[in-house]
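what would the 3D arrangement of this be:
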Amino acid sequence: MVRSSDSEFLMVHEADEVFIISIAARWVDPALGFAVGWNCFYTNAISTPSEISAAVILLSFWDENKNHVAIYTVVNTHFKVSELR
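Numbering: from 1, shown residues only. I've put the predicted structure just below:
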């Protein structure tokens, strides 16, 4: 139910920044927006290395070429940094 109401918030009040952070800061408290921002940062900081490790294990099972692992690492890091999911 909460996730479906995100689209209603976005339609009524446009967000210039990252959506969930700006909604938390605008509707609850700026301190909550700050905390949610750090939570998003830590989530990405922890999940990216674990995804890279899993991809290395998975790709090395089928292909011994280490260049493919490097390509995946660069693409995954780019998507994580630019928030394209």
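
for the closest residue to residue 13 other than its chain neighbours, grab the count of nearby residues.
Spatial nearest neighbour of residue 13, chain neighbours left out: residue 26 (7.0 Å); criterion: Cβ to Cβ, 6 or more residues apart in numbering. All C-beta atoms are positioned from the backbone trio N, CA, C, and that covers glycine. Neighbourhood size, residue 26 [other Cβ atoms under 10 Å]: 15.

cool, the one 3 residues further on as well?
Applying other Cβ under 10 Å, we find 11 other residues in the vicinity of residue 29.

ok, it to residue 14 distance?
20 Å (Cβ to Cβ, to the nearest Å).

tell me the SS of the residue of the chain positioned farthest from its centre?
In the chain, the residue that sits farthest from the middle, by Cα atoms, centre = their mean, is residue 64; the gap is 29.2 Å. Here residue 64 is recorded as coil under DSSP: H, G, I helix; E, B strand; the rest coil.

dihedrals phi and psi, it?
phi -80, psi -10 (degrees, to the nearest 10).

so what's it up against?
By Cβ atoms under 8 Å, 6 or more residues apart in numbering, residue 64 lies in contact with nothing.

next one, pLDDT for it please.
We note a pLDDT of 76 for residue 64 in this prediction.

please apply the same query to residue 19.
Looking at residue 19, its pLDDT stands at 69.

re the thing from before, measure the residue farthest from the centre of the chain to residue 36 for me?
Residue 64 is 42 Å from residue 36, by Cβ to Cβ.

may I see the buried residues of stretch 22-37?
Across stretch 22-37, burial judged by 16 or more other Cβ atoms under 10 Å covers 22, 23, 24, 25, 33, 36, 37.
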